[in-house]
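In: Task: produce atomic coordinates for the following.
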Amino acid sequence: MRDVVIPLLYLAAGTLFILGLRGITHPRTARRGLLLAVTGMAAAVTGTLIHKDIVDYRWIVPAVAVGALIGGAMAKYMPMTAMPERIALSHAFGALAAGLVGTAEYYEHAESLSTFITAALMFEVLLAFITFTGSVMAFGKLKGILPGRPTVFAGQQVLNLVLFSAAVLIALWLVVTPTTDARFPVLIALAALFGILLVVPIGGADMPTVISLLNSYAGLSGAAMGFVLDNKALIIAGALDGASGFLLSIMMSRAMNRSFRNVLFGAFGQLDAPTPGAAGEAEERPVRSVTSDEAAMILETARDVIVVPGYGLAVAQAQHRIKEVGEILERNGARVRYAIHPVAGRMPGHMNVLLAEADVPYDRIVDMDNINRDFPQADVALVVGANDVTNPAARTRQDSPIYGMPILDVASARTVMVIKRGMSAGFAGVDNELYHLDKTLMIFGDAKDVASNLVRELESVSTQRV
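Out: Coordinates of the predicted model:
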C-alpha cells in the first residue's frame, strides 16, 4: 500500500509546487499559489512520515512541534519590513537541516554508497554549510547585529579561493575513498568558514541579491539530498527552488545594473571617505521643506499624481493611509498611479505586497519600465520613503557606487514631494541628489503620520469646496 501511496503523494506535491510557483508570479493569483504550495508541502511531508524506514516517532513528533512553533512565531511576529531577515533565517534553518541529514547519512552508510550518491552527498554538504553560515551572516547584517557595510581586507579573494578549492579537493577525495575519518569534519569546517567570508565583503544594498543567491544554493543542496535519499519530492522542490532563486538573482542584478561577480566581490556600498571640503559642500546644499497642509494644497490642484512607495512606507506601515490619499485625489478628478521599482523596499515584490494589503487596484500599480515615460507629464511625484531607487546620481555621477543602476525617473515630474523622516542616506549609503533639486519639496516626519495629516487636510479642502 505504501509503495503506491507515497509515489502518488510525491507526484501530487511536485505538481502543486509547480502550480504554486506559477501562481505567485501575479498578484491576482499569489494567494492561491501559496495555498497550492503549502498543500504540496503537506503532501510531501505526509509521504515522508509514512515511509517504511520510519519505525519510531518519539523524536519526530517533538521536532515537528518545535519547528511549527518557530515557523509560526516568525510568520506572526516578524513584520513585512523584516522580510529579508526572515528569508535569510529560513534559508539558514533549511541549509542546516540539509547539512545535518547529509552528515548523518554519510556516517551511517559511508562505505556502502555508490560513487554517484557519494558525489551528490558531498555536493549537498558543501553547499548546505556554505548556505547556513552565509545566511546567518546575511541575517546579522540586515538585522544590524553585524556591520552592514562591507568588510574587506588584503588577500581576501585569494583566501576565499584557497578555502573553496581545499573544500572541493577534500570532497573529491572522499568520493574516491569514502571513509569516516577526519576529512569529513574538515570539509564541513572549510565550507562553513567559506560561507562566512563569502558574505562579509558584501554591502547592505546587495544583500537582497545575495539572499536570493543563497536561496538558490539551498535549493540545489536539497535537490542533491533528494538523490541521496531517493526522494523525488526533494529533487523537484530543490530544483524549483534552485532555479527560481538563480533567476531571481539575475533579475535583481540586472535591475541594479550589477553582475554576479560585482555582487559577490565588489563590496558594493563601501564608499571612500569624502574630503573635508566635499563634506562641507554637501552639508551646505539647500533643501526646501513644506508642511502637510502646504503639500495638501498642491496635491489638491494636481491632475496627474504618481506615488513612489519605498522602504519608509513599509517601516511606517503607511500603505493604508497613502491609499486614502490616492482615493481622495481620484475623487477630485486626479489620475493616481503607483510606480514600482524592481528592488524597492528590501526584496522584489515587497511594495506590491504592501499595496495589495491595502487593496490598491492592480491596474494602478505600474512597474518601472512602463511608468518612467509618464513622469514628465506628472503634476506631482509623491515619494514615500524610497531613496536609492529615485537617486539621479545613478545617471549623472560616474563616481557614485550606484552609477548605472536603473531608477524611477522621479526628477522629471513637474513637482516632487518626498515624505521622509530626515536626510539620512539610503540602503546604499549614498546621498540622494533628488532632495536638493529646486522642484523637490521635503515633508519631514513618519510616513503614516504625514499621510494621515494629508488625508485630513485634503478632506477639509474637499468639504469646503462642497
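In: Stretch 79-93: which residues count as buried?
Out: 80-93 (16 or more other C-beta atoms under 10 Å). To be clear about C-beta, it is placed using only N, CA and C from the backbone, and glycine gets the same treatment.
In: I'd like the average pLDDT over it.
Out: Stretch 79-93 shows an average pLDDT of 81 in the prediction.
In: now that stretch: how far from the chain's centre is it?
Out: Chain-centre distance of stretch 79-93: 8 Å, with C-alpha atoms, centre = their mean, to the nearest Å.
In: do the same with stretch 64-81
Out: For stretch 64-81, the distance to the chain centre is 18 Å (C-alpha atoms, centre = their mean).
In: Need the contact partners of that stretch.
Out: By C-beta atoms under 8 Å, 6 or more residues apart in numbering, the list of residues contacting stretch 64-81 from outside reads 85-86, 89-90, 93, 311, 314-315, 317, 346, 350, 353-354.
In: Identify the farthest-apart pair in those residues.
Out: Farthest apart among the contacts of stretch 64-81 by C-beta to C-beta are Phe93 and Gln317. That separation is 26.7 Å.
In: Output the lowest mean pLDDT helix or strand found in the protein.
Out: Here the helix or strand of the chain ranked lowest by mean pLDDT, DSSP states H and E is helix 276-284, holding a mean of 43.
In: In the stretch 51-200 of the chain, what residue spans correspond to helices?
Out: 60-77, 83-109, 115-143, 156-176, 183-199 (DSSP state H, counting those that start in this stretch).
In: Deepest-packed of those helices, please.
Out: helix 115-143 (a mean of 24; mean count of other C-beta atoms under 10 Å).
In: What is that helix packed up against?
Out: On a contact count with 3 or more C-beta pairs under 8 Å, 6 or more residues apart in numbering; DSSP states H and E, helix 115-143 meets helix 83-109, helix 156-176, helix 183-199, helix 207-229.
In: Turn those into CSV, columns for distance to Thr396.
Out: Below are those laid out as CSV (distance: least, C-beta to C-beta, whole Å):
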stretch, distance to Thr396
helix 83-109, 29
helix 156-176, 31
helix 183-199, 31
helix 207-229, 24
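In: Relative to His436, which of these is closest?
Out: His436 sits nearest to helix 207-229 of all the helices and strands packed on helix 115-143, at 27.2 Å, using C-beta to C-beta.
In: What angle do helix 83-109 and that closest one make with each other?
Out: Using axes from the mean of the first three to the mean of the last three C-alpha atoms, to 10 degrees, the inter-axis angle of helix 207-229 relative to helix 83-109 is 20 degrees.
In: So what's the gap between helix 207-229 and the chain middle?
Out: In terms of C-alpha atoms, centre = their mean, the centre of helix 207-229 is set 15 Å apart from its chain centre.
In: and what of stretch 291-304?
Out: Relative to the centre of its chain, stretch 291-304 is centred 34 Å away, using C-alpha atoms, centre = their mean.
In: And stretch 371-386, by the same measure?
Out: Centre-to-centre, stretch 371-386 and its host chain are 24 Å apart (C-alpha atoms, centre = their mean).
In: and that stretch, which residues are buried?
Out: 371-372, 374-375, 378-386.
In: So which of the residues you listed sit within helices?
Out: Ile371 (DSSP state H).
In: closest to Pro406 among the buried residues of stretch 371-386?
Out: Taking the buried residues of stretch 371-386 together and measuring to Pro406 by C-beta to C-beta, the closest member is Asn372, at 8.6 Å.
In: With the flanking residues excluded, which residue is spatially nearest to that closest one?
Out: Closest residue to Asn372 apart from its sequence neighbours, by C-beta to C-beta, 6 or more residues apart in numbering: Asp409 at 4.4 Å.
In: And the contacts of stretch 100-107?
Out: Residues contacting stretch 100-107 (C-beta under 8 Å, 6+ apart): Leu113, Leu121, Glu124, Val125, Ala128, Pro178, Thr180, Phe184, Ile188, Met225, Val228, Leu229.
In: Closest to Arg22 out of the buried residues of stretch 371-386?
Out: Here the nearest of the buried residues of stretch 371-386 to Arg22, counting by C-beta to C-beta, is Ile371; it sits at 25.6 Å.
In: so which strand or helix has the spatially closest residue to the closest one that is not a sequence neighbour?
Out: Nearest non-adjacent residue to Ile371, counting by C-beta to C-beta, 6+ apart: Ala339, 4.4 Å away. Following DSSP states H and E, the helix or strand that holds Ala339 is strand 335-340.
In: next SSE after that strand?
Out: Downstream of strand 335-340 (by DSSP H and E), the next one is helix 350-357.
In: need the contact list for Ala12.
Out: Taking C-beta under 8 Å, 6+ apart, one finds Gly40, Ala43 in contact with Ala12.
In: tally of neighbours for Asn332?
Out: 17 (other C-beta atoms under 10 Å).
In: same question, Ile443
Out: 22.
In: Unless I misread the structure, it falls within a strand.
Out: Yes - Ile443 forms part of a strand when assessed by DSSP: H, G, I helix; E, B strand; the rest coil.
In: looking at it, it is touching Val418, isn't it?
Out: Yes - using C-beta atoms under 8 Å, Ile443 is in contact with Val418, at 6.8 Å.
In: which residues of the stretch 351-466 of the chain fall in strands?
Out: Remark: strands assigned in the stretch 351-466 of the chain by DSSP state E, counting those that start in this stretch are 365-367, 380-384, 415-420, 440-444.
In: quick one, which of these is nearest to Ser216?
Out: That would be strand 365-367 among these, by C-beta to C-beta, at 23.3 Å.
In: other SSEs contacting the closest one?
Out: By 3+ C-beta pairs under 8 Å, 6+ apart, strand 365-367 packs against strand 335-340.
In: now the strand it packs on and helix 350-357, what's the angle there?
Out: With the same axes, to 10 degrees defining the directions, strand 335-340 sits at 140 degrees from helix 350-357.
In: Averaged pLDDT, strand 335-340. What do you get?
Out: For strand 335-340, mean pLDDT is 95.
In: residues in contact with the most centrally placed residue in the chain?
Out: Geometric centre of the chain, nearest residue: Met347, 3.2 Å, by C-alpha atoms, centre = their mean. Counting by C-beta under 8 Å, 6+ apart, Met347 makes contact with Met83, Pro84, Ile87, Pro208, Ile211.
In: Give me the pLDDT for it.
Out: So Met347 comes in at 71 (pLDDT).
In: Asn391 versus that one, what's the distance?
Out: Separation of Met347 from Asn391 (C-beta to C-beta, to the nearest Å): 19 Å.
In: One more: Phe194?
Out: From Phe194 across to Asn391, the span is 34 Å (C-beta to C-beta).
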